[in-house]
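In: Turn this into a model:
(chains A, B and C)
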Amino acid sequence: MTALRAFAATTVRVVVLLAIALAMLAALLIATGHDVVPALSAMVRGAFGSYYAITSATIVRMVPLALAGLAVSVAFRAGILNIGAEGQLLVGAAAATAISGTLVGVPWSIGIPVMLLAGAIAGGAWAAIAGALRLRFGVLEVISTIMLNFVAQYLTGWLVRGPLQEPTQVNPQSATLVPELHMPVLLEGTRLHAGVLLVVVVAIGVWWWLRSTASGFRLRAVGATPTAAASAGGIDVPRTMFGAFLVSGLLAGLAGSVEYTGITYALYENFSPGYGYTAIAVALLARLHPLGVLATALLFGALQAGANAMQRDAGVPSVVVSVVEALLILLVMAADRWRPSRADETGT
Amino acid sequence: MMQEVTIGVSTVDVGALAVGAALLEATVRTATPLAYAALGESVSERAGVINIGLEGSIIAGALSATIAAGAMGVGGGFAAGAAAGLLVAALFALFAVGLRADQIITGTAITLFALGLTGTVYRTVYGSGGVALTTPTAATHALPIISTLPLIGRAFFAQPLVTYALYVIAPLLAWWMQRTHAGLALRAVGEYPEAAIAAGISPRRTQLLAVLFAGAMAGLAGATLVLAQAGTFVEGMSAGRGFIAIAIVVLGRWRPLGVAAAALLFGAATSLQTLFQSMGWTGIPYQLFLAAPYLLTLLVLAITAKRGPRRLV
Amino acid sequence: MTTVPTGAVLLSLDGFTHAFGRVRALDGASLQVRAGSVHALLGENGAGKTTLMRVVFGLLRAQQGVMQWRGSPITMRSPSEALALGIGMVHQHFTLVPTMTVAENIALGGHGAFDPHRAADRVRDVAGTAGLVLDPHARVQDLPVGAQQRCEIVKALARDVTLLILDEPTAVLAPAEAAELLRWIRRYADAGNAVVLITHKLRDALAVADDITVLHRGRTVLTTAARDTDQASVADAMLGGARALSASDTDVVNVVVNDRARAVSGPPVLTLDAVTVRDANGVDHVRSATLQVRAGEIVGIGAVEGAGQHELLRVLSGRLSPTSGSRTIPESVGFVPEDRHRDALLLDAPLFENTALQGAGARHGVIDWNDFRARTAALLQRFDVRASGAEVRARTLSGGNQQKLVLGRELEAAREALVVENPSRGLDFVATNAVHQAMRAARDAGMAVVLYSSDLDEVVLLADRVFAMHDGILIESVKDRDVLGRAMLGGDIGDAGVALGADA
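Out: Now for the predicted structure:
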């Protein structure tokens, strides 16, 4: 199947599933006593209704979602259920925050890459803990990554009240990043930052790596049929899996550091509105395809932007979007049950 | 460390004893919801189903109990909690047992679903102002005589009914698993389904019932959180207990009595925070204590490398 | 249960036919079991014995065939029906829960409260009546295999059985245990019960059976009273009666002659010296095997399932390391495994990715997919793989074409040696021929080829030298079908063979 046809097929799938999910959302709105039309129209406006909405609400949310979605995709493609993108993301943001203190006076062309790199490495290390637990002790990574999410959360809580707390020692958050080290803004008057370019580049990079390199192929083979990978391919399955943990954590950590340097400029509790968990839906809906992730991340960015607007303008709790995300995951699973192929099929 | 009391009685022990008793009492209280969730999950896992969506059942139970208790009192709250937990588990079973979809991803989706739904319903019903709402609380019933025992008296015998129920449920489950044909069937399905099939047992039906039971128990756990601990509902208050329950099951070796004991251990880990705070230890950040149960989970899982019921790991 | 007079026909099966897809598991099978007798059902692997018994036990509805129980026609719809009639089956692969006790296993499926003491009493009752020794409180996983089997038997007997079917019961037993079981079977039948003994071990069958039925390729080729026949005749029947089919006989002879006319092969490529393979449970699958495979020859191995060939082939192809002994093999040995879906192919990947799978472990850098596409296209051509192109997913290919693809891939990658496991399993006649041709071509080009097949004809047809493998031991044999067959089944072959291993 050519890339174009795969893309079209994915788009059709997404549209159909989204329609079903929105229908369920509407039902939920009715059930909780909200007016459907004002709520949904507030949602659409919040996501696409204005230039500002598109650039500074939707697309900026797409950035961390896409990076975290890529993290989850890579892991799932290797047969690893990394539910820890949330924690890896936090740790990445924390690392970027921590190192920013040493970058005073450094030009952004060096400072920003350093922060991003620190975040990526931290995320990779955080994921490596789960990887080691899995490969050495057989601990299910689902549980260990979720546990590490909580630990990361509390770690952040301690950091912003302790070593990384802002100078006045009043608020539980870090010092604000100096403006010279902010991610360059692409469109004046908006929050659209260079991170979106980075995301596209990274997505293409991951896509290319998976389809065109020997290591990427090994990862896909292990995720598809580990027995054949070992027997026919002579592939070192445990080593490949550990590598997948690392890359996945790296991407999630990058998501955290990009969000820090591009949007929040500070570390605080509740830094992430569940990006790491939404990323699972992002990845599954994109059938784990790196380029598809860009599209589904945009969709979920729109959903979250719209949800915020829906809460603000129509009084519907924004957390309802988690319901939509979960429903989408379940629908994807149910839909895949009637197809011969699996969600993480090897494919370019 | 030990607070010296100098009013005539022996000075040394009173302080430590008082603190120890308080710690134990807090431990039992904290352990109760963990034990409910873990006992339910142990039954599910014995049948070969690992329910990552347990967290969803807990939070659903918590919210349902909150809403129902206002109208129907504490008893109604617990009943509603169990029912809500069961419903969420039914949704999980539809996909994981019925459609044989991946247990892990399904469970994760169920958890997200329940967290989102409870958040939505909560804010709709109670508003997003963050107003602290209070629910009727389960009263503690101090059992005569034994509740005056030193150290353990109040801890184990001055608790709400829902804790006492555990003293019956845990041994009952243990008996049921070893001494009834249904319990045998459950274990067979989880260990070696081919044997169960050959004996005329339906693995799917068994697994469904096990999952529903786990959901109801988890719902009770959530209800306990609200009605016997916090006295209110907070979004996300399940705080990963569903996942911790899975670790408790492993530590307890999938046996009801072991699971109950392991729940106590985790309850203690959480309560240690209170202990250190009351002793005035400020050196260690309190977040470390909050993180303790999760770190303990990782440790337990790493150490207990031996596999559980065959179908799972 | 009204007793049937000894000698009367209890169970009658006539003209049973059943195909799984293209494979005919049963092709005119029949059987008559008399009450109070031991009836041995013999045949090689894949002959249809287990399939036929699954029909009897209600696990399978055959497409054609008439079954009669005590003279009345019947269709068995489920194991519960079979059990209700008094038919019990002890399967080859035990259905026992390892962590439970014997009593618990036997009680499984009951209702209400479970009293371990009452259950233990019941076990002792049934076992005692049958003359079997069994500890009800022992945990199944702690029991030796023989005891586990007794547990399975008691489990079956606990349900009031008139006809007991035993599927390959001695396959997992040590010789002493097997002898004891056979003695028990004899006693049990003498007490008025009927036993169907499914086995491929003709010595066991002849020792204990009253009647013998031999299946070959799903068809009954011999029905006789045990006392009216001998080992040689039964073996012949099991191997398809080579003597009777003169046409194929001469074909085999011609090919043998032609092969023998070929020049003696070259230097050793695959060498094993006293290689033993022991698994995690301490069971020896390969016992001190010594073997040399030279360039330009095909070595054929005949064996029944579980004789150790699975491990031997993987040691030869470098997929498994020996526990002891030494091995010399080239760096890259081609391997075509029996279960290609599990071990050789990425089913949901396009064909060119499957080609690239070979050697993926050692590859670096960027993959030139165009190269692999071209190589795959050439592969498809050379080995006549019917596929629309190199981009289609492996799953869309038929079994035969999948096999040809795997074979081609392995041949192209490994220049020196090739190991092949049951290459024509699930393939039709045409595909099988293609695979055979490819193997011969490889041999002619100077490769060392090792072939294992559960189809004896195939082994004898293709191989230059043949070995039988029995109980982990390699036995070199003359290239004669009957001799090889007998060696494979554990029979005596005297001077016609040389055992190459410990405990020979």
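In: what helices or strands is the host helix or strand of residue A:9 leaning on?
Out: Assigned by DSSP states H and E, residue A:9 falls within helix A:3-31. Judged by 3 or more Cβ pairs under 8 Å, 6 or more residues apart in numbering or on different chains; DSSP states H and E, the packing partners of helix A:3-31 are helix A:36-48, helix A:275-285, helix A:290-314, helix A:320-337. The C-beta positions use only the backbone N, C-alpha and C, and glycine is treated the same way.
In: Residue C:212 looks like it's in a strand, true?
Out: Yes - counting by DSSP: H, G, I helix; E, B strand; the rest coil, residue C:212 is part of a strand.
In: how about the nearest residue to it, chain neighbours excluded?
Out: residue C:40 (4.9 Å; Cβ to Cβ, 6 or more residues apart in numbering or on different chains).
In: Let me see the contact set for the one you found.
Out: Applying Cβ atoms under 8 Å, 6 or more residues apart in numbering or on different chains to residue C:40 gives the contacts C:196-199, C:204-206, C:208-209, C:211-213, C:226.
In: same thing but 7 Å
Out: C:197, C:199, C:205, C:209, C:212 (Cβ atoms under 7 Å, 6 or more residues apart in numbering or on different chains).
In: any idea how far the closest residue to chain A within the stretch 51-200 of chain C is from residue B:300?
Out: Across the stretch 51-200 of chain C, the shortest distance to chain A (Cβ to the nearest Cβ) belongs to residue C:99, at 18.8 Å. Plainly put, residue C:99 is 21 Å away from residue B:300 if you go by Cβ to Cβ, to the nearest Å.
In: Could you pick out the residues of the stretch 1-150 of chain C near chain B for me?
Out: C:80, C:95-100, C:104, C:107-114 (Cβ under 7 Å from any Cβ of the partner chain).
In: contact partners of the helix or strand of chain B with the lowest mean pLDDT?
Out: Ranked by mean pLDDT, DSSP states H and E, the weakest helix or strand in chain B is strand B:140-142, scoring a mean of 80. Residues outside strand B:140-142 that contact it (Cβ under 7 Å, 6+ apart) are B:157-161.
In: try 10 Å this time
Out: B:25, B:29, B:147-148, B:153-154, B:157-161, B:163-164, B:228 (Cβ atoms under 10 Å, 6 or more residues apart in numbering or on different chains).
In: and these, which are buried?
Out: B:25, B:29, B:147, B:153-154, B:157-160, B:163, B:228 (16 or more other Cβ atoms under 10 Å in any protein chain shown).
In: and these, which two are the farthest apart?
Out: B:153 and B:228 (18.9 Å; Cβ to Cβ).
In: At the geometric centre of chain A, which residue do we find?
Out: Geometric centre of chain A, nearest residue: residue A:68, 2.1 Å, by Cα atoms, centre = their mean.
In: who does residue C:197 bridge with?
Out: Counting by DSSP bridges, residue C:197 is bridged to residue C:40, residue C:166.
In: Run a quick neighbour tally on it.
Out: Counted with other Cβ atoms under 10 Å in any protein chain shown, residues neighbouring residue C:197 total 26.
In: OK, contacts around it?
Out: Here residue C:197 is in contact with C:38-42, C:164-170, C:181-182, C:185, C:189, C:204-205, C:208-209, C:212 (Cβ under 10 Å, 6+ apart).
In: Could I get the pLDDT score of the residue nearest to residue C:267 when sequence neighbours are not counted?
Out: The shortest distance from residue C:267 to any residue other than its chain neighbours is 5.8 Å, reached at residue C:295 (Cβ to Cβ, 6+ apart). Confidence at residue C:295, expressed as pLDDT, is 92.
In: Extract the C-alpha set from the helix or strand where residue B:117 lies and format it as CSV.
Out: Here residue B:117, judged by DSSP H and E, is contained in helix B:103-126. The C-alpha trace of helix B:103-126 is given here as CSV (Å, rounded to 0.1, in the frame of the first residue of the first chain):
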residue,chain,number,x,y,z
GLN,B,103,-6.0,-6.4,28.5
ILE,B,104,-3.4,-3.7,29.1
ILE,B,105,-4.5,-1.2,26.6
THR,B,106,-8.2,-1.8,27.3
GLY,B,107,-7.5,-1.4,31.0
THR,B,108,-5.7,1.9,30.4
ALA,B,109,-8.5,3.2,28.3
ILE,B,110,-11.1,2.2,30.9
THR,B,111,-9.1,4.1,33.6
LEU,B,112,-8.9,7.2,31.4
PHE,B,113,-12.6,6.9,30.6
ALA,B,114,-13.6,6.6,34.2
LEU,B,115,-11.3,9.4,35.4
GLY,B,116,-12.7,11.7,32.7
LEU,B,117,-16.3,10.7,33.3
THR,B,118,-16.2,11.1,37.0
GLY,B,119,-14.5,14.4,36.6
THR,B,120,-17.2,15.5,34.2
VAL,B,121,-20.0,14.3,36.3
TYR,B,122,-18.5,15.8,39.5
ARG,B,123,-18.1,19.2,38.0
THR,B,124,-21.5,19.1,36.5
VAL,B,125,-23.2,18.1,39.7
TYR,B,126,-21.1,20.0,42.2
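In: Quick one: mean pLDDT over it.
Out: 86.
In: Buried residues of stretch C:173-181, list them for me.
Out: Quick answer for stretch C:173-181 (16+ other Cβ under 10 Å): C:173, C:177-178, C:180-181.
In: who does the helix or strand just after the least confident helix or strand of chain B touch, helix- and strand-wise?
Out: Using DSSP H and E, the helix or strand that directly follows strand B:140-142 along the chain is helix B:152-157. The contact analysis (3 or more Cβ pairs under 10 Å, 6 or more residues apart in numbering or on different chains; DSSP states H and E) places helix B:152-157 against helix B:11-46, strand B:140-142, helix B:161-179.
In: Not counting residues beside it along the chain, what's closest to the residue of chain C found nearest chain A?
Out: Residue of chain C nearest chain A, by Cβ to the nearest Cβ: residue C:361 (3.4 Å). Once flanking residues are discounted, residue C:361 sits nearest to residue A:234: 3.4 Å by Cβ to Cβ, 6+ apart.
In: Report pLDDT for the one you found.
Out: 90.
In: how close does it sit to residue B:176?
Out: 50 Å.
In: So for the residue nearest the centre of chain B, what's the nearest residue that isn't a sequence neighbour?
Out: Geometric centre of chain B, nearest residue: residue B:34, 2.1 Å, by Cα atoms, centre = their mean. Leaving aside its chain neighbours, residue B:34 sits nearest to residue B:263 (4.4 Å; criterion: Cβ to Cβ, 6+ apart).
In: so what does whatever helix or strand the one you found lives in touch, helix or strand wise?
Out: For residue B:263, the host element (DSSP H and E) is helix B:256-278. Counting by 3+ Cβ pairs under 10 Å, 6+ apart, the packing neighbours recorded for helix B:256-278 are helix B:11-46, helix B:161-179, helix B:241-251, helix B:286-303.
In: Out of those helices, the one nearest residue C:9 is which?
Out: Nearest to residue C:9, of the helices and strands packed on helix B:256-278 and by Cβ to Cβ, is helix B:161-179 at 45.0 Å.
In: mean confidence score for the closest one?
Out: On average, helix B:161-179 scores 94.
In: what's downstream of it, the next helix or strand?
Out: Past helix B:161-179, the next helix or strand by DSSP H and E is helix B:181-191.
In: Near residue C:320, how many other residues are there?
Out: 17.
In: Phi and psi next, for the residue in chain B that chain C sits nearest to.
Out: The nearest approach of chain B to chain C comes at residue B:199, 3.3 Å away (Cβ to the nearest Cβ). The phi/psi pair for residue B:199 (degrees, to the nearest 10) reads phi -90, psi 10.
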